[in-house]
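> build me a model:
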Amino acid sequence: MAASLRTFCIAVSRRSVRPFSSSCVTLAGKKWRLENGLAHSGSEYGPLTDLPDWSYADGRPAPLLKGQIRRQKQREEFARRAVYLSAEVDEGMKRWQEKKEEEKQKEEHNEIQMFLKCRRRESRGQEG
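The predicted model follows:
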């Protein structure tokens, strides 16, 4: 009996027109979530992943799970990096402004020097 069932299953699988695929199960709802501004998978963030699964009867919170601790550390590291990069951009903008002001002052100084040289030449030419 078992041999005939095995033979039947093999024969059916050979004659099957449609291939077997499980990818639609893993992608279920991805397009909708992305269109609505949510994560591409339902388990990245949100109340179902961030909040504890249970709590004690007296109201104490449950200890954090490993995944929750890992996600919390990732978010903290991301926030630290964002603050660091923001400070770096601010420092770069400050240096750029200072350099721009310095160049402007040099240019004004050069214009004044050129003007004074011209005036000296004119005054020397009138004397002689």
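> distance check, F78 against Y45.
Distance of F78 to Y45, computed by Cβ to Cβ, to the nearest Å: 12 Å. In short, each C-beta sits where N, CA and C put it, glycine included.
> who are the packing partners of the top helix by length along the chain?
In the chain, taking DSSP state H as the definition, the longest helix is helix 66-127. If you count contacts as 3 or more Cβ pairs under 8 Å, 6 or more residues apart in numbering; DSSP states H and E, helix 66-127 packs onto helix 47-50.
> now do the end-to-end distance for stretch 34-49.
With Cα to Cα, to the nearest Å as the measure, stretch 34-49 spans 18 Å from end to end.
> re earlier: F78 and Y45: which is more packed in?
Using other Cβ atoms under 10 Å, the more surrounded residue of F78 and Y45 is Y45, with 13 against 10.
> next up, the contacts around the more buried one.
Taking Cβ atoms under 8 Å, 6 or more residues apart in numbering, we find Y45 in contact with 39, 71.
> and it, which of the three is it?
Per DSSP: H, G, I helix; E, B strand; the rest coil, the secondary structure class of Y45 is coil.
> what are the phi and psi values at it?
Main-chain torsions, Y45, degrees, to the nearest 10: phi -150, psi 170.
> that one and R33, how far apart?
11 Å.
> overlap of the contact sets of the two?
Shared contacts of Y45 and R33 (Cβ under 8 Å, 6+ apart): A39.
> residue ranges with poor pLDDT in the chain?
Where the chain drops to pLDDT under 70, the residues are 1-27, 127-128.
> let's go with 80 and repeat that
1-29, 39-50, 123-128 (pLDDT under 80).
> what comes up buried for stretch 55-75?
By neighbour count on 16 or more other Cβ atoms under 10 Å, the buried set for stretch 55-75 is 68, 71.
> so how far is the first residue of it from its last?
Stretch 55-75 stretches 23 Å from its first residue to its last (Cα to Cα).
> got a list of contacts for it?
45, 49-50, 52-54.
> can you do 10 Å?
43-45, 49-54 (Cβ atoms under 10 Å, 6 or more residues apart in numbering).
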